[in-house]
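In: predicted model, plus sequence, below.
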Amino acid sequence: MNLQPPAFHLLAKPTGATCNLDCKYCFFLSKEMLYPGDRFRMSDEMLETYIRQLLEAYPRPEIIIAWQGGEPTLMGLDFFRRSIEYVEKYRKPGQQILHTMQTNGILLNDEWCAFFKQHKFLIGLSVDGPKEMHDAYRVNKGGAGSFDQAMRAWEVLRRHEVDFNILCTIHAANADHPLEVYRFFRDVLQTGFMQFIPIVERATEELLPLANLGWGDRPGADRPLYTQRGGLVTERSVGAEQFGRFLIAIFEEWVHRDVGKVFVQTFDVALGSWLGQHNLCIFSPTCGEALALEHNGDLYSCDHYVEPDYLLGNIRETPMGELVASEKQRKFGQDKLCSLPKYCRDCNVLFACYGECPRNRFIATPDGEPGLNYLCAGYKMFFNHIDPAMKIMANLLRQGRFADEIMRMYAAQGARQGTGETKVGRNDPCPCGSRKKYKHCHGGAAAAPGSPTIRMG
Ligand code: SF4
Ligand code: SF4
């Protein structure tokens with residue numbers, strides 16, 4: 001077989017699911033059960049095989065080498081020094097490599113950060129907000145919060161001027177505090193890049209009591225293996241509408257003062273959707289181009305489907321390029337679109353949502369069809385709410401202007417009305433300055449019922 005793989009993204013997990021924290025919501029911890037008795041360390045030989053195959057198979061010149069876990073820093077710095085050596089050994093002329101790593105930061109010190117800086121790593125640091133929100137679930141094996149260690153990691157990353165993003169999961173402990181979370185990242189951590197990931201821990205009725213205790217180590221007791229089954233969620237999971245409100249609150253602050261200064265992945269990807277582009281698997285029609293490589297060379301369809309049914313094969317036996325281009329993986333990606341319920345296919349924000357990730361599609365639609373996304377109500381609220389602003393920003397970009405002009409438009413509109421609040425009605429002048437009525441400029445087809453309300457400052 002000689003199939004050309006599509007451009008794909010591969011998350012490599014050199015320590016499998018092994019981690020030096022025991023975050024209560026981290027169902028990846030339970031994946032250790034897939035490899036009983038294993039040491040969970042990628043061998044040097046596998047490291048070389050992986051880098052060689054990735055550089056051979058990848059169809060474009062810009063290649064991301066992404067490390068994730070578990071906690072990848074548990075491999076030790078020498079492992080990553082060798083990864084750089086193998087990149088240099090197998091790199092083809094013209095290939096540009098970006099190294100990335102997602103970490104909890106516990107082990108980061110001057111030596112790590114000097115290495116990251118030298119090799120231009122982009123680091124994702126996991127922080128769930130201010131101390132009490134972070135410490136609610138991000139705990140160590142003894143149950144103590146890890147906030148202070150995450151802040152030490154932040155400090156050393158900043159001191160070495162390493163590029164980093166904040167990755168924040170949204171759950172029961174921080175979901176009702178959107179602005180506190182956002183302002184903490186923007187003003188205290190002074191980061192310009194953040195991602196918000198909803199925690200949805202699915203469980204069956206019999207698994208739920210155990211799952212509510214967390215997925216980590218349980219001395220003297222079995223722990224549950226997380227699989228995509230059941231119609232219930234743990235008490236740590238974010239509610240659908242709660243997540244929608246979270247995103248809307250941050251969007252309002254962002255669209256009035258931070259466009260162009262702060263990068264919030266969900267907003268950036270949404271703007272792409274309003275321009276007809278799909279830049280993130282969960283909001284794209286199909287997926288299947290974000291795979292996960294376990295420490296032993298097992299390649300899975302997706303990081304969220306590291307489960308026996310989604311094992312494509314082992315790169316020691318079958319070249320990575322063949323596995324990525326396989327019929328099984330192609331079908332995995334197509335199923336995202338094919339399995340959408342009619343309720344989604346008829347939805348006015350389908351173009352931006354596309355039913356989000358299949359892993360969260362485990363509730364029924366109002367007319368009883370299975371396969372609706374658990375977060376649907378939240379996404380419907382959010383995408384409808386941002387529709388007017390997205391139309392304006394998309395229009396600005398189409399005109400060759402900048403999206404951040406929207407902030408001046410809103411400010412001017414508020415000043416004209418002499419209020420701290422702007423209501424843009426269908427017959428009002430469009431805030432984009434086109435002199436047309438809003439309904440004529442941007443279709444006025446604000447998907448949200450009624451006029452959009454924009455609060456100033
Ligand atoms: S299953 Fe979800 S996370 Fe995985 S590639 Fe598809 S959309 Fe992305
Ligand atoms: S908002 Fe709900 S109905 Fe619409 S596409 Fe998303 S999941 Fe489907």
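Out: Thanks, I have it. Ligands and ions are numbered 1, 2, ... in the order given.

In: which SSE is the residue nearest to Pro14 when sequence neighbours are not counted in?
Out: Distance criterion C-beta to C-beta, 6 or more residues apart in numbering; nearest residue to Pro14, sequence neighbours excluded, is Met42 at 3.8 Å. In short, each C-beta sits where N, CA and C put it, glycine included. Here Met42, judged by DSSP states H and E, is contained in no helix and no strand.

In: dump the residue contacts of Met42.
Out: 12, 14-15, 50, 75, 79, 295-296 (C-beta atoms under 8 Å, 6 or more residues apart in numbering).

In: export those residues as TSV, with columns for pLDDT and secondary structure.
Out: Output for the contacts of Met42, formatted as TSV (pLDDT from 0 to 100; DSSP: H, G, I helix; E, B strand; the rest coil):
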residue	pLDDT	secondary structure
Ala12	97	strand
Pro14	96	coil
Thr15	94	coil
Tyr50	98	helix
Met75	97	helix
Phe79	98	helix
His295	96	coil
Asn296	96	coil
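
In: just among these, which is most surrounded?
Out: Pro14 (28 neighbours; other C-beta atoms under 10 Å).

In: circling back to that earlier point, now for the contacts of Met42: which two are most distant?
Out: Farthest pair in those (C-beta to C-beta) is Phe79 and Asn296. Separation: 14.9 Å.

In: in stretch 180-196, which residues are buried?
Out: 181-186, 189, 191, 193-196 (16 or more other C-beta atoms under 10 Å).

In: revised request: answer the last question for stretch 38-53.
Out: With burial defined by 16+ other C-beta under 10 Å, the residues of stretch 38-53 counted as buried are 40-42, 46-53.

In: now stretch 351-366
Out: Result for stretch 351-366 [16+ other C-beta under 10 Å]: buried residues 352-358, 360-363, 365.

In: near ligand 1, list only the ones from these.
Out: By C-beta under 6 Å from any ligand atom, the members of the buried residues of stretch 351-366 lying near ligand 1 are 357-358.

In: out of the buried residues of stretch 351-366, who's nearest ligand 1?
Out: Closest approach between the buried residues of stretch 351-366 and ligand 1, by C-beta to the nearest ligand atom: Cys357, at 3.3 Å.

In: I'd say the closest one and Leu280 touch.
Out: No. In this structure, Cys357 is not within contact of Leu280 by C-beta atoms under 8 Å, at 9.9 Å.

In: below-threshold pLDDT in the stretch 151-300 of the chain: ranges please.
Out: For the stretch 151-300 of the chain, the stretches with pLDDT under 70 are 216-224.

In: hmm, 90 instead?
Out: Within the stretch 151-300 of the chain, the segments meeting pLDDT under 90 span 203, 206-231.

In: contact residues of it facing ligand 1?
Out: Close to ligand 1, as judged by C-beta under 6 Å from any ligand atom, the stretch 151-300 of the chain has residues 281-282, 287, 290.

In: check these and tell me the two furthest apart.
Out: Ile282 and Ala290 (9.4 Å).

In: how about stretch 328-343 against ligand 2, any contact?
Out: Yes. Using C-beta under 6 Å from any ligand atom, stretch 328-343 reaches ligand 2 at Tyr343.

In: what are the buried residues along that stretch?
Out: 329, 332-333, 336-337, 340-341, 343.

In: picking that back up, using pLDDT, spot the least trustworthy of the buried residues of stretch 38-53.
Out: Ranked by pLDDT, the buried residues of stretch 38-53 bottom out at Phe40 (90).

In: confidence score at the spatially closest residue to it that is not a sequence neighbour?
Out: If the residues on either side of it in the chain are set aside, Phe40 comes closest to Gly16, at 3.9 Å by C-beta to C-beta, 6+ apart. On pLDDT, Gly16 comes in at 90.

In: pop out the phi and psi values for Gly16.
Out: Main-chain torsions, Gly16, degrees, to the nearest 10: phi 60, psi -130.

In: so it touches Asp38, yeah?
Out: Yes. With contact defined as C-beta under 8 Å, Gly16 reaches Asp38; the gap is 7.0 Å.

In: now do the shared contacts for those two.
Out: Overlap of the contact sets of Gly16 and Asp38 (by C-beta under 8 Å, 6+ apart) consists of 32, 295.

In: need the max-distance pair from the buried residues of stretch 328-343.
Out: Maximum distance among the buried residues of stretch 328-343 (C-beta to C-beta): 27.2 Å, for Gln329 and Tyr343.

In: can you map out the helices along the stretch 151-300 of the chain?
Out: Assigned by DSSP state H, counting those that start in this stretch, the stretch 151-300 of the chain shows helices spanning 178-183, 208-211, 240-257, 265-274.

In: residues touching Cys302, list them.
Out: Cys302 touches 287-288, 290-292, 310, 332, counting by C-beta under 8 Å, 6+ apart.

In: nope, Pro358 is what I was after
Out: Pro358 makes contacts with 287, 335-336, 339, as judged by C-beta under 8 Å, 6+ apart.
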